[in-house]
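# Predicted model, plus sequence, below.
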Amino acid sequence: MAPIGVMRTISVYPNPAHDALIIAQSEAPPGSTFELVREDGVVALTATMGFSDLRLDTHTVASGHYVLRLHTPTYEVAEIAVVVVH
């Protein structure tokens with residue numbers, strides 16, 4: 001799935017992530033939902049964007065390749081590849 005305009009204005013770091021993945025709140029509307037999805041399609045983590053940067057603690061998930069999926073309140077969807085390394 002190709003990124004939409006919202007994803008181009010969101011900074012996700014560090015990538016690869018060790019203990020946490022930070023999603024900078026710049027253009028993602030509050031109420032947007034982020035999912036960290038494993039390669040087998042299982043959602044490993046979920047979080048909802050507020051009015052500040054979002055921190056996803058990755059120490060509870062296995063090392064590997066994931067997709068960070070964004071769902072906005074207006075039903076837009078975007079994805080970005082991330083790596084978790086412990």
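Looks like it came in fine.

# Partner strands of the strand or helix carrying Val37, with direction?
According to DSSP states H and E, Val37 maps onto strand 33-38. Paired strands of strand 33-38, with direction, are strand 43-48 (antiparallel), strand 64-71 (antiparallel) (DSSP bridges).

# Any buried residues in the first one, and which?
When neighbours are counted by 16 or more other Cβ atoms under 10 Å, the buried residues of strand 43-48 are found to be 44-45, 47. Yep, even glycine has a C-beta here, placed from its N, CA and C like the rest.

# pull the CA atoms of it into CSV?
This file holds the C-alpha atoms of strand 43-48, laid out as CSV (Å, rounded to 0.1, in the frame of the first residue of the first chain):
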residue,chain,number,x,y,z
VAL,A,43,-1.0,-6.8,15.4
ALA,A,44,1.7,-6.7,18.0
LEU,A,45,1.0,-3.2,19.4
THR,A,46,-1.6,-0.5,19.1
ALA,A,47,-1.7,3.1,20.2
THR,A,48,-3.7,6.2,19.6
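
# what's the following helix or strand after that strand?
Assignment by DSSP H and E places the next element after strand 43-48 at strand 54-57.

# neighbouring strands for that next one, and are they parallel or not?
Sheet pairing of strand 54-57 (DSSP bridges) gives strand 20-23 (antiparallel).

# can you list contacts of stretch 23-42?
Residues from elsewhere that reach stretch 23-42 (Cβ atoms under 8 Å, 6 or more residues apart in numbering): 6, 9-13, 21, 43-56, 58, 61, 64-74, 82.

# Distance from the chain centre to it, please.
Remark: stretch 23-42 is offset 3 Å from the chain centroid, using Cα atoms, centre = their mean, to the nearest Å.

# Quick check: buried residues in it?
For stretch 23-42, by 16+ other Cβ under 10 Å, it's 23, 25, 28, 32, 34-38.
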